[in-house]
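S.K.: I'll drop the sequence and a predicted model, then ask my questions.
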Amino acid sequence: MTSLIFPDWPQPENIGACSTLREGGISLPPYHSLNLGTHVGDELSRVKENRRRLCQEAQLPEMPLWLEQVHGTHVVTLNTEKNNEVEGDALYTATEKKVCAIMTADCLPVLFTTLDGTEIGAAHGGWRGLCHGVLQNTLSQFKAPKNQIMAWLGPAIGPNAFEVGAEVRLAFIEKNKAFDPAFIPHNGKYLANIYMLARIILQENEVTQIYGGDFCTVTEKSRFFSYRREQITGRMASLIWIK
């Protein structure tokens, strides 16, 4: 059984990209089985083996820099120097063989590449990061015009599972009324469409080639980890690199 899925986008030939599923590793319940997060309570030796397996199966050019993600908007740039900066919620590089990796278990991973394959990025889009500009900050690192960048929306919580309070909706529509259709009233709260929120942000920043966005980590239990569903669970990764 494969532990990877691949973006359904017309990526340049020199770009590698994938997202992991929950199967294919050695972690025990409740982290079974390809947990890639060291911060969730899993045994470290098992996580390290899972990461090694990922590198082998995905044919990664090197082990990714695994960020300490904090639901913020800071972008870490990967280059030929050794990166000491590890806290952030997005990555950018124009350097070959550097792997941008984002870990998620309901939040939205967004992968970016230029059409010519010379620049890439990856962003961790929880609702706070999306609301406060993590996608815009990632795009601002690119030298290419925004209409020369395409994005893939990876596995995240689906629009029928993401119930939020009125304060979340208000935080978005106070910034931009265009976000309002992404919130549907439901049981005194709202169902939020994280994919729609990301698409609105990307389109308003001139990115028109947007792919993916048809997963649900909560309901597709056999394929994905979900924090909302299980609280104590593993983490998946979405990765992109220039070969």
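M.R.: In hand now; what should we look at?
S.K.: Report pLDDT for the residue sitting furthest away from the middle of the chain.
M.R.: Computed with CA atoms, centre = their mean, the maximum C-alpha offset from the centroid of the chain is found at residue 188, amounting to 29.1 Å. On the pLDDT scale, residue 188 is placed at 95.
S.K.: Give me the phi and psi for it.
M.R.: With angles defined as degrees, to the nearest 10, residue 188 sits at phi 80, psi 0.
S.K.: Residue 184 too?
M.R.: Dihedral angles (degrees, to the nearest 10) for residue 184: phi -110, psi 130.
S.K.: thought it was touching residue 196?
M.R.: No - using CB atoms under 8 Å, residue 184 makes no contact with residue 196, being 10.3 Å away. C-beta coordinates here come from the backbone N, C-alpha and C atoms, glycine included.
S.K.: Would you map the helices across this structure?
M.R.: For the chain, the helices defined by DSSP state H cover 44-58, 127-132, 134-139, 166-173, 194-204, 227-230.
S.K.: hmm, back to that, which residues sit in contact with the residue farthest from the centre of the chain?
M.R.: Residues counted as contacts of residue 188 (CB atoms under 8 Å, 6 or more residues apart in numbering): none.
S.K.: same check, this time on the one 10 residues further on
M.R.: For residue 198, the contacting residues are 108, 110, 125, 130, 135, 151, 153, 210, 213, by CB under 8 Å, 6+ apart.
S.K.: And it, how close does it get to residue 87?
M.R.: 22 Å (CB to CB, to the nearest Å).
S.K.: do residue 157 as well
M.R.: Relative to residue 87, residue 157 is positioned 24 Å away (CB to CB).
S.K.: who has more neighbours, the two?
M.R.: Taking neighbours as other CB atoms under 10 Å, residue 157 and residue 87 compare with residue 157 leading, 29 against 11.
S.K.: Tell me who's in contact with the closest residue to that one other than its chain neighbours.
M.R.: The spatial neighbour of residue 157 that comes closest, neighbours along the chain excluded (CB to CB, 6 or more residues apart in numbering), is residue 106 at 4.3 Å. By CB under 8 Å, 6+ apart, the contact list for residue 106 reads 156, 157, 162, 217, 218, 226, 227, 228.
S.K.: Can I get the buried part of those residues as one PyMOL selection?
M.R.: Buried residues within the contacts of residue 106, by 16 or more other CB atoms under 10 Å, are selected in PyMOL with:
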select buried, resi 156+157+162+217+218+226+227
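S.K.: Can you tell me the closest non-neighbouring residue to residue 25?
M.R.: That would be residue 34: by CB to CB, 6+ apart, it lies 3.2 Å from residue 25.
S.K.: Count the neighbours of residue 178 for me.
M.R.: Quick note: residue 178 (other CB under 10 Å) scores 14 neighbours.
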